[in-house]
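J.: got a predicted structure here, sequence first:
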Amino acid sequence: MTLDEIYAFGVNELTRAGIKDAKIDASIFLEEICNIKKGYLLAHGNEELNETCGSSLEQRYIEAIKKRSERIPLQHILGYTSFMGLRFKVNENVLIPRQDTEILVEEALKEVHDGMEILDMCTGSGCILISLLKYTNGCIGVGADISEKALEIARENSDAILGEAMDITYSYVNSDLFENIDGKFDVIVSNPPYIATNKIDSLEPEVKDYDPIGALDGGEDGLYFYQKIITEAPKYLKLGGSILFEIGYDEKDAVSKLLEENGFTDIEVIKDYAGLDRVVKARRKICLTN
């Protein structure tokens, strides 16, 4: 097959499977598996794929398209995803980082200054904490998750992205929320499970069938983890420290109210690229005594 033909095959198969971004996914597989960029495809579409990248890569491309047609996430097929300009390993044990979560990191970077101590609650792949440590200097980071399998991935990502940088200190704790957390932090960030239990079955197959249910299910109303984290956070957040959450599009008022009821101030809501409420951030009152 020519490059044009193999690309058309990919697009047709993915479209037939109901993949919304069929053209994008087919193009990504060509680039990532066969190292064929879109510009090269446009200029050399008549070239034989086998001559360009070899028969083994052609077969890998076809196999990847088949798996994607079964609604297996593209990121699971490749084994990695891009987040904040960094490459993170992902698998069935962690939530796949979404572009919307970059809003949380960007807002956190406004609060994090060099040398601060950061806690990432429900860290998953580690994408939030690692990004914050990568783009600051001399910070100390702790990632907490109840899943040891998720923490294995977070540690691998930390080793690969942060390496042995002398000015970065990080650790991961197997913890049911704050259960095994010690000390106080300047900033607490979290992208907790926030989908209401009865809404999970309505999610796309790539999400409900392949993301870990523990990273999705936020209880009956989706607010279980916000309530638990916000109630306990003052014990672990320094006076004047910041707390930031990713939220569901309809959870702004409920999460803001929880923060206010638990002594937080300067509550602010930030929208995502689609104009939906995505991040809530607040500050612990300096006047509090506990």
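T.: Ah, there it is. Residues are numbered from 1 along each chain as shown.

J.: which parts of the stretch 151-290 of the chain are helices?
T.: Secondary structure of the stretch 151-290 of the chain (DSSP state H, counting those that start in this stretch): helices located at 205-208, 224-232, 252-261.

J.: so which of the ones you listed is the most surrounded?
T.: helix 224-232 (a mean of 19; mean count of other Cβ atoms under 10 Å). C-beta here means a position set from N, CA and C on the backbone, and glycine is covered the same way.

J.: contacting residues around that helix?
T.: 121-122, 177-178, 188, 190, 192-194, 218-219, 243, 245, 247, 251, 254-255, 258-259, 262, 264 (Cβ atoms under 8 Å, 6 or more residues apart in numbering).

J.: which residue sits closest to Arg155, ignoring its sequence neighbours?
T.: Ranked by Cβ to Cβ, 6 or more residues apart in numbering and with sequence neighbours excluded, the top spatial neighbour of Arg155 is Tyr172, at 5.8 Å.

J.: looking at this protein, which helix or strand is least sure?
T.: helix 49-53 (a mean of 60; mean pLDDT, DSSP states H and E).

J.: residue contacts, the residue most central in space within the chain?
T.: Centroid-nearest residue in the chain: Pro97, 2.2 Å away (criterion: Cα atoms, centre = their mean). Residues near Pro97 by Cβ under 8 Å, 6+ apart: Thr81, Phe83, Phe88, Val90, Gly124, Ser125, Cys127.

J.: and Ile140, how far from Glu156?
T.: The span separating Ile140 from Glu156 equals 20 Å under the rule Cβ to Cβ, to the nearest Å.

J.: look at Leu3 and report its pLDDT.
T.: For Leu3, the pLDDT comes out at 84.

J.: so what's the residue count around it?
T.: Leu3 is flanked by 23 other residues according to other Cβ atoms under 10 Å.

J.: and the gap between it and Cys34?
T.: From Leu3 to Cys34 the distance is 9 Å (Cβ to Cβ).

J.: ok, now Lys20?
T.: 23 Å.

J.: more neighbours: those two, which one.
T.: A direct count of neighbours by other Cβ under 10 Å for Lys20 and Cys34 places Cys34 higher, at 21 against 10.

J.: the more buried one touches Leu57, doesn't it?
T.: Yes. Cys34 is within contact range of Leu57, at 4.9 Å (criterion: Cβ atoms under 8 Å).

J.: who are the neighbours in contact with Leu30?
T.: Taking Cβ under 8 Å, 6+ apart, one finds Leu3, Ile6, Tyr7, Gly10, Ile36, Leu41, Tyr61 in contact with Leu30.

J.: buried sites along the helix or strand where Lys110 lies?
T.: According to DSSP states H and E, Lys110 maps onto helix 101-111. Buried residues in helix 101-111, defined by neighbour count with 16 or more other Cβ atoms under 10 Å: Thr101, Glu102, Ile103, Leu104, Val105, Glu107, Ala108, Glu111.

J.: check which helices and strands it sits against.
T.: In terms of contacts (3 or more Cβ pairs under 8 Å, 6 or more residues apart in numbering; DSSP states H and E), helix 101-111 is packed against helix 127-134, strand 185-190, strand 237-246, strand 277-284.

J.: tabulate those (CSV), appending mean neighbour count.
T.: Shown next, in CSV, are the helices and strands packed on helix 101-111 (neighbours: other Cβ atoms under 10 Å):
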stretch, mean neighbour count
helix 127-134, 26
strand 185-190, 24
strand 237-246, 22
strand 277-284, 23
